[in-house]
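**Student:** one predicted model, sequence on top.
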Amino acid sequence: MSLFAIADTHLSFGTDKPMDTFEGWQDYTARLEKNWNNLVGDDDYVIIAGDISWAMNFEQLKPDFDFINKLNGKKIISKGNHDYWWNTITKMNKFVSENGFDTISFLHNNSFDFDDFSICGSRGWFFDSDEEQDEKVLNREVQRIKLSLDSARFENKIVFLHYPPITTNDTCDEIINLLKNYGIKKCYYGHLHGVAAKFAFDGEVDGIDFKLISCDRLGFTPYLISKF
């Protein structure tokens, strides 16, 4: 059994928002499906760290979740900045249940425990503004990450965020300090694409190993986190 991760699938089967118009994204859904199913087995898990779909509501989301549900393995999904369909956990669980999307679960104020480690995370936030509203959002996201970490069974916790908590020229101190306080050793994030990916930080800071897992950065191939 293995755990994989990827972010920013940006599916749009139910909306007119094709990513194929961007350089490097041509036929990306076919490439993603092929790479995913060649690598991931039915007993494996894949974390999708935000920006799952361009859908604005559950009706538009159905064909995107149908695509995800049919991919090999079990999927754990967290929120990104473009997931406007995101709702309460009760409504999202009802949606997947009513539509038979039985391989999809949500990482939302909770955690998932495996053999000797736990999966935690949230959307995150990159606080680079003095606006009061941004500070409120950041504080809320810090609390969501903390809720997830506190719910975990194991001391060994792997964190998945959508927003990068660190780049080559800046850090989100509130989130970095939280990860340090909980002894986090590995943190994976998405959000950065194309030219913006040049600001991604892949490496270790303060004992935490960071890695960008956005879809195009990985060549539309899930990244192996652990075998267990």
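**Tutor:** That came in fine, so what should we check first? Computed from a predicted model, the values in this text were never measured in an experiment.
**Student:** which residues does the spatially most central residue of the chain bridge with?
**Tutor:** Nearest residue to the geometric centre of the chain (CA atoms, centre = their mean): A49, 0.5 Å. Taking DSSP bridges as the rule, A49 bridges to S78.
**Student:** that one and D83, how far apart?
**Tutor:** Separation of A49 from D83 (CB to CB, to the nearest Å): 11 Å. In this view, the C-beta of every residue, glycine as well, is placed from N, C-alpha and C.
**Student:** and the contacts of the lowest-mean-pLDDT helix or strand in the chain?
**Tutor:** The weakest-scoring helix or strand in the chain, judged by mean pLDDT, DSSP states H and E, is helix 132-151 (a mean of 89). Identification of contacts with helix 132-151 by CB atoms under 8 Å, 6 or more residues apart in numbering yields 107-111, 120-125, 127, 157, 159, 161, 172, 174-175, 178, 182.
**Student:** looking at the residues you listed, which are in helices?
**Tutor:** Per DSSP state H, helices hold the following members of the contacts of helix 132-151: 174-175, 178.
**Student:** which of those ranks first by neighbour count?
**Tutor:** When neighbours are taken as other CB atoms under 10 Å, the top entry among the ones in helices among the contacts of helix 132-151 is I175 (25 neighbours).
**Student:** am I right that the residue nearest to the centre of the chain is in contact with F4?
**Tutor:** No: contact criterion CB atoms under 8 Å: A49 and F4 do not qualify, at 11.3 Å.
**Student:** now which of the contacts of helix 132-151 would you call buried?
**Tutor:** Listed as buried from the contacts of helix 132-151 are 107-108, 110-111, 120-125, 127, 157, 159, 161, 172, 174-175, 178, 182; burial here means 16 or more other CB atoms under 10 Å.
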